[in-house]
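J.: got a structure for you, letters missing:
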Ligand SMILES: [Zn+2]
């Protein structure tokens, strides 16, 4: 999934979560938390030196790429567990973790899927996948986000 679409999903999701009342402690999220959600959304692709985030920290993305490969450790339950631990220490990071999690959900919808239990090589993907950077990806992401925002603000 393209970063722009990952961002639409995560930022819409964060907005919906904060407005829905499901998590009362997020009822009045500060606007700047959206930038942490965006950071968390970009973070899993730090293992790719040509990604938006990886190209900015090549000194970090190349070693991760060489040691672990792309879409391996950063797209696994190991990374999510590490992030959950960091949220436990610093609750503000919940917005980063939210963006990160929704990035993984987005990649689950791609034909490449996720090696969720890496280093196990089994790939997990949605029964219905959407090719990356396809018209279908844009229609699905922007369409469902528009519907979600409309539903949220007309309810
Ligand atoms: Zn990814």
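T.: Thanks, I have the structure now. Just so we're clear, the structure is a prediction, and the values are computed from it rather than from any experiment.
J.: For this protein, which segments count as helices?
T.: Taking DSSP state H to define them, one finds helices in the chain at 3-20, 33-42, 58-68, 77-89, 94-108, 135-154.
J.: looking at those helices, which is closest to the ion?
T.: For the ion, the closest of the helices of the chain is helix 94-108, at 4.4 Å, according to Cβ to the ion. To be clear about C-beta, it is placed using only N, CA and C from the backbone, and glycine gets the same treatment.
J.: what's in contact with that closest one?
T.: For helix 94-108, the surrounding residues in contact (Cβ atoms under 8 Å, 6 or more residues apart in numbering) are 1, 5-6, 9-10, 13-14, 17, 29, 33-34, 36-45, 71, 75, 79-80, 83-84, 86-87, 113-114, 116, 124-126.
J.: ok, and of these, which contact the ion?
T.: By Cβ under 5 Å from the ion, the members of the contacts of helix 94-108 lying near the ion are 44, 45.
J.: Please convert the buried members of the contacts of helix 94-108 into ChimeraX selection syntax.
T.: In ChimeraX, this line selects whichever of the contacts of helix 94-108 come out buried by 16 or more other Cβ atoms under 10 Å:
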select :1,5,6,9,10,13,14,17,29,33,34,36,37,38,40,41,42,43,44,45,71,75,79,80,83,87,113,114,116
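J.: Single out the most deeply packed of the helices of the chain.
T.: Ranked by mean neighbour count, the helices of the chain are led by helix 94-108 with a mean of 22 (mean count of other Cβ atoms under 10 Å).
J.: how about the residue nearest to residue 86 when sequence neighbours are not counted, what does it touch?
T.: In this structure, residue 86 finds its nearest non-sequential neighbour in residue 93, 5.2 Å apart by Cβ to Cβ, 6 or more residues apart in numbering. Contacts for residue 93 were tallied using Cβ under 8 Å, 6+ apart; they are 36, 83, 86, 87.
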